[in-house]
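**Student:** okay, predicted coordinates and the sequence, questions at the end:
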Protein chains: 2
Amino acid sequence: MDVRGSLRDGAFGSATGLVCRECGATRELGPHYACHDCFGPLEVAYDFGTVTREQIEAGPRNIWRYKALLPVPEDIESSPNTEPGFTRLLEARNLADELGIARLWVKDDSTNPTNSFKDRVVACALSAATELGAKVFACPSTGNLANAVAAAGARAGIRTVVFIPSNLETPKQVNSAVFTDNLVAVEGNYDDVNKLASEIAGEEDGWAFVNVNVRPFYAEGSKTLGYEIAEQLGWRLPDQIVIPVASGSQLTKVHKAFQELITLGLVEDKPYKVFGAQAEGCNPVATAFAEGHDAIRPVKPDTIAKSLAIGNPADGIYVLDVTRSTGGAVEQVSDDEIREAIVLLARTEGIFTETAGGTTLATLKKLVATGALDPDLETVFINTGHGLKTLDAVSGSVGPAATIAPTYDAFVASGLA
Amino acid sequence: MDVRGSLRDGAFGSATGLVCRECGATRELGPHYACHDCFGPLEVAYDFGTVTREQIEAGPRNIWRYKALLPVPEDIESSPNTEPGFTRLLEARNLADELGIARLWVKDDSTNPTNSFKDRVVACALSAATELGAKVFACPSTGNLANAVAAAGARAGIRTVVFIPSNLETPKQVNSAVFTDNLVAVEGNYDDVNKLASEIAGEEDGWAFVNVNVRPFYAEGSKTLGYEIAEQLGWRLPDQIVIPVASGSQLTKVHKAFQELITLGLVEDKPYKVFGAQAEGCNPVATAFAEGHDAIRPVKPDTIAKSLAIGNPADGIYVLDVTRSTGGAVEQVSDDEIREAIVLLARTEGIFTETAGGTTLATLKKLVATGALDPDLETVFINTGHGLKTLDAVSGSVGPAATIAPTYDAFVASGLA
C-alpha cells in the first residue's frame, strides 16, 4: 500500500496528516503508524473548520453523524458498513442508589452490531483500508476485534483474514468463523499471534491490519463514544467518566473527543475527571499511577478480563497523562470484584456486560469507596461489550432459585409465590 | 389485578378498550386476554386522532417515538425501561446479488438490548403491568422472552419470576439468571411450563404474565417493527416482507402497523405482500396454507429453530388471513436450509442471526425459487434474534481454515497469503 499521489480528494475528510505524539513530527496520510524520526506513535491531525450541532443532528443514527470529525470521506454512508454506534446512554438510577452516587449513566456499547465497541474502530479502519486500496482486511485478536473485523469485511465485500490463538474456546471461534472463510488458528499465545501479524503486515503488499498499519485511523473511531455521550447528555460533558484500559487508546480518544467538542464550541468548556479501570491481573497502568511513575512496566496478564489483558499497553503513558491532568485516577480490581460487578449491573439495570464492563463498574465502586470519585458529581461509565461473550465469568455464580415439579402446589411449596 | 375504576387517566394512551378478534365484542382495558362471550383473543383498540411524521421524528431513538400508537402513557419515557427498538435497517446488496433480488433490506433486531425483538413486546407488557399495579412480572419461556423479561424487570425495579424447562442449556439459563434471583426450573417440557404459568396467573393476585394475562398489550409492541421499517425507508412501505411465524403474532402486528400508517396518512396507500416463514419441524401454518385450510392442525415441534417451535400457534389463523389477503404465502424450510442461511447472511452482510433468522432467510430464498416472491420488487425480511444464542446450529459447520505454527513461512505455506 504505497499510496502517495493516488489518494482521491477528501479520502480522509478534514484530516490533514499524521503527527507524532512524542516529537510532533508530521507525516503524510497513509498506512503509517510510527514516526520516521523517533518511532513514536502517529495520530491523525485535522483542520475541522466549522461544525455545528444541527449538522450532526441531521446525520444518520450511527457514528457517521460525526463524519466531519473523523478521517473518513464525505460519502462514507454509501459504502456498505455495519453502521455501528449511537448506542444507548441509560440513566442508572437503581445502580446509583446502590453505590450512593447522585447521578450515574451507563454508555452501553454491548448493543453494537457485533456487541462491542470494536465495531466503531473497525468501521474507521475499514474506510482507511478502502481508501488506501487494501486488498485484505485483517487483524490478530482473541475475541471482540476478530468478530468486528470479520463482520465488517463480509458486509464490505473485502477479503478478511483473522488470526487467533489456536486454543481459543469454540464459541469465540464460531463467532468469527461464521463471517469469514479465512480464520487462521495460530499455535501460540496472543503475543505470538500479534508478532506474526506484524510480520505479515511488513511482508505482504495490500494488507490492512486494523490495529497495526492503519491503527491511527482505527483509533479515531473511539472518539465517537465521547461525542455520543456529550450529545446524548444534551450537548454537555459529564463531571466524571470511568473507562476501561487495555491498550489505553479508548480512554485517550474519549478525552480527545471532549477537547475537540470544547474547541469547536459544541459544548461548554468545563472541568471533568477521567478515570481508568484495570484488573489486578493486568494492572501496568494502575500500578504506574499508584507509584507515581511516568513509564509503564509491562506485566504478564492473568485475569478473567481477557479483552483488557494487554500487558504492555501502547497508550499507557498517555492514560497517565490524561488521568493525572484531569484530576482522575487509574484503579484496579480483583477477578472476584469483576464477577460481582457483572451481576450487580444485571440485577440493577438489566444490562449483561462482559468482564471488561465488570472491571469498569467494579473500579467505579472502588473509586467511590476510596474517595477518589466524588459521589455528588454526575458520572458516566462505559460498558464496552456483551456478557454473552464471557458467560463463564458468571455461570458458576448464578442459576435457578429452585427446581420444581410442574404443579401449582410445588410452586407454592418452593416459597417463591 | 382487578383494576376497574383505579386506572389513572391516560394509563393506556389513546387505547379505548379491548376488542375480540373473533366476535367483535368489547371489554374494558385491564388484565384480560379472552372474550367474555366467545373466548376469542382480545386486541387493543384505539382512537388515535391526528399523528404526524414530525411528532414521531421528534421523539426518542427507540420504540417510544411511536408512543402515540401504543397502549402506553404519554410519560412512558420517564419510567425506567430498556429503551429497545430503532434497530438497523440495512440494505443487503451482497445478499440481494446472491439471491438474484433487485432490492433487499434486513431489519436487524439482534441488536436490541437483550438481542431479540422480544425487548419490544416486553417493554409494552411492562408498561401495562406497571399501570395495572402488578407486583410481579413473569413469563414462561425457553430463551429470548426470559432474557427480555428478566432484564426489563431488573431495570424497572419490579420483582421478576421466570419459568423455564429444567433441561435448558446452561448458557440460556445464565443469560436470564444473571438478571433475576427468581429463575424457576420446571421439571417438564415447555408445554408443562406454559400450563403452570397459566395456572399461577389464575391463582395469584398481582402477577402480570407478559404472554398470558397482559398479552394484548404485549403483542402491540411488535407493531413497532412495522413502523420503523416504514420510517427508515423514508415513510413508505416495501412491496414484500418476510416474517418468521411462531405464535404468528409478530406477522399480524406488522400488517396492523402498516394498515394504521396508511389510515393515518403517514405513508402512501399501496399494495404489499406479507410472507410467513416456518421450519419443516414446526410447520402448522405453512401446512394449512399449502393445503388451503382455514384451521390449524397442531404439530409436535422438532426443529433447531426452537424460538419458532410453537406447535399450536395462537395467531396461526390470522397469519393465513393476512398472507392470503395480501397475495403472500407461508413457506417452510429444513434445518439444513436454516443452517446454510445463517452462514449465508453472515458471509454476505456481516450479521450473525439465530435459527429463527436463518429460517426467515431460507424461506425468502425458497420463495424466490418457487416464484411466489417477485425478485424485481423491493423486499424486507426481519432478523428477530442473535446467533450467539444458538451457537450450536453452526458450530459444526464453520471453523478455522488452517492451524499453523506462528511463523511467516508457515503462513505462506498455508496458501492463505
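**Tutor:** Structure's in. What do you need?

**Student:** tell me the residue of the stretch 201-350 of chain A that sits nearest chain B?
**Tutor:** Closest contact between the stretch 201-350 of chain A and chain B, by Cβ to the nearest Cβ, is at A:Gly350 (3.5 Å). To be clear about C-beta, it is placed using only N, CA and C from the backbone, and glycine gets the same treatment.

**Student:** that residue against B:Phe179, yeah?
**Tutor:** Yes: the criterion here is Cβ atoms under 8 Å, and A:Gly350 meets it with B:Phe179 at 6.0 Å.

**Student:** which one of these two has more residues nearby?
**Tutor:** B:Phe179 (32 against 29; other Cβ atoms under 10 Å in any protein chain shown).

**Student:** distance of the more buried one relative to chain A?
**Tutor:** 5 Å (Cβ to the nearest Cβ, to the nearest Å).

**Student:** still on that earlier bit, overlap in contacts of A:Gly350 and B:Phe179?
**Tutor:** B:150-151, B:153-154 (Cβ atoms under 8 Å, 6 or more residues apart in numbering or on different chains).

**Student:** so where's the stretch 251-400 of chain A shaky on pLDDT?
**Tutor:** In the predicted model of the stretch 251-400 of chain A, no residue satisfies pLDDT under 70.

**Student:** quick one: the helices in the stretch 101-250 of chain A?
**Tutor:** A:118-131, A:144-156, A:170-177, A:190-203, A:215-220, A:223-232, A:249-263 (DSSP state H, counting those that start in this stretch).

**Student:** any idea of the mean pLDDT in stretch A:148-161?
**Tutor:** The pLDDT scores in stretch A:148-161 average 98.

**Student:** correction: the previous question concerned stretch A:121-139.
**Tutor:** Taken as a whole, stretch A:121-139 has an average pLDDT of 97.

**Student:** what about it, distance to the chain center?
**Tutor:** Chain-centre distance of stretch A:121-139: 17 Å, with Cα atoms, centre = their mean, to the nearest Å.

**Student:** buried residues in it?
**Tutor:** Under the neighbour-count criterion of 16 or more other Cβ atoms under 10 Å in any protein chain shown, stretch A:121-139 has A:121-132, A:134, A:136-139 buried.

**Student:** so which of those residues reach chain B?
**Tutor:** Taking Cβ under 8 Å from any Cβ of the partner chain as the test, chain B is in contact with none of the buried residues of stretch A:121-139.

**Student:** re earlier: now do the phi/psi pair for the residue of the stretch 201-350 of chain A closest to chain B.
**Tutor:** phi 70, psi 30 (degrees, to the nearest 10).

**Student:** so who does it touch?
**Tutor:** By Cβ under 8 Å, 6+ apart, the neighbours of A:Gly350 are B:82, B:113-114, B:150-155, B:179.

**Student:** tell me the SS of A:Ile67?
**Tutor:** Just so we're on the same page, residue A:67 is Lys rather than Ile. Following DSSP: H, G, I helix; E, B strand; the rest coil, we place A:Lys67 in the helix state.

**Student:** tell me the bridge partners for the residue lying closest to A:Glu91 once chain neighbours are set aside.
**Tutor:** Distance criterion Cβ to Cβ, 6 or more residues apart in numbering or on different chains; nearest residue to A:Glu91, sequence neighbours excluded, is A:Trp105 at 5.5 Å. A:Trp105 has the following beta-bridge partners by DSSP bridges: A:Glu91, A:Val380.

**Student:** wait, A:Trp105 sits on A:Leu90?
**Tutor:** Yes: taking Cβ under 8 Å as the definition, A:Trp105 is a contact partner of A:Leu90 at 6.6 Å.

**Student:** tell me where chain A has strands.
**Tutor:** Applying DSSP state E to chain A gives strands spanning A:15-20, A:26-27, A:42-46, A:89-91, A:104-108, A:136-140, A:159-165, A:183-186, A:207-209, A:240-244, A:273-279, A:329-333, A:379-383, A:402-404.

**Student:** in its sheet, what does the shortest one sit against?
**Tutor:** Spelled out, that is strand A:26-27. strand A:15-20 (antiparallel).

**Student:** what about the partner strand, average pLDDT?
**Tutor:** Rounded mean pLDDT across strand A:15-20 is 97.

**Student:** could you do stretch A:234-242 as well?
**Tutor:** Stretch A:234-242 comes out at a mean pLDDT of 98.

**Student:** starting at the chain centroid, how far to that stretch?
**Tutor:** Centre-to-centre, stretch A:234-242 and its host chain are 18 Å apart (Cα atoms, centre = their mean).

**Student:** now swap in stretch A:333-350 and tell me
**Tutor:** 19 Å.

**Student:** how about it: buried residues?
**Tutor:** For stretch A:333-350, the neighbour count (16+ other Cβ under 10 Å) marks A:333-335, A:337-350 as buried.

**Student:** now it - C-alpha only, CSV.
**Tutor:** Listed next in CSV are the C-alpha coordinates belonging to stretch A:333-350 (Å, rounded to 0.1, in the frame of the first residue of the first chain):
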residue,chain,number,x,y,z
VAL,A,333,-9.9,-4.6,40.9
SER,A,334,-9.8,-8.3,41.6
ASP,A,335,-11.5,-11.0,39.4
ASP,A,336,-14.0,-11.6,42.2
GLU,A,337,-14.9,-7.9,42.3
ILE,A,338,-15.3,-8.1,38.5
ARG,A,339,-17.7,-11.1,38.7
GLU,A,340,-19.7,-9.3,41.4
ALA,A,341,-20.0,-6.2,39.4
ILE,A,342,-21.3,-8.1,36.3
VAL,A,343,-24.2,-9.4,38.4
LEU,A,344,-24.7,-6.0,40.1
LEU,A,345,-25.2,-4.3,36.8
ALA,A,346,-27.5,-7.0,35.5
ARG,A,347,-29.6,-7.0,38.7
THR,A,348,-29.9,-3.2,38.9
GLU,A,349,-30.1,-2.1,35.3
GLY,A,350,-30.9,-5.2,33.1
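
**Student:** most neighbours, which of the shared contacts of A:Gly350 and B:Phe179?
**Tutor:** Most surrounded of the shared contacts of A:Gly350 and B:Phe179: other Cβ under 10 Å gives B:Ala150, at 32 neighbours.

**Student:** for it, which non-adjacent residue is closest in space?
**Tutor:** Using Cβ to Cβ, 6+ apart and skipping residues adjacent in sequence, the residue nearest B:Ala150 is B:Phe179, 3.6 Å away.

**Student:** how long is stretch A:301-308 end to end?
**Tutor:** The first residue of stretch A:301-308 is 9 Å away from its last residue (Cα to Cα, to the nearest Å).

**Student:** oh sorry, the question was meant for stretch A:208-223
**Tutor:** 21 Å.
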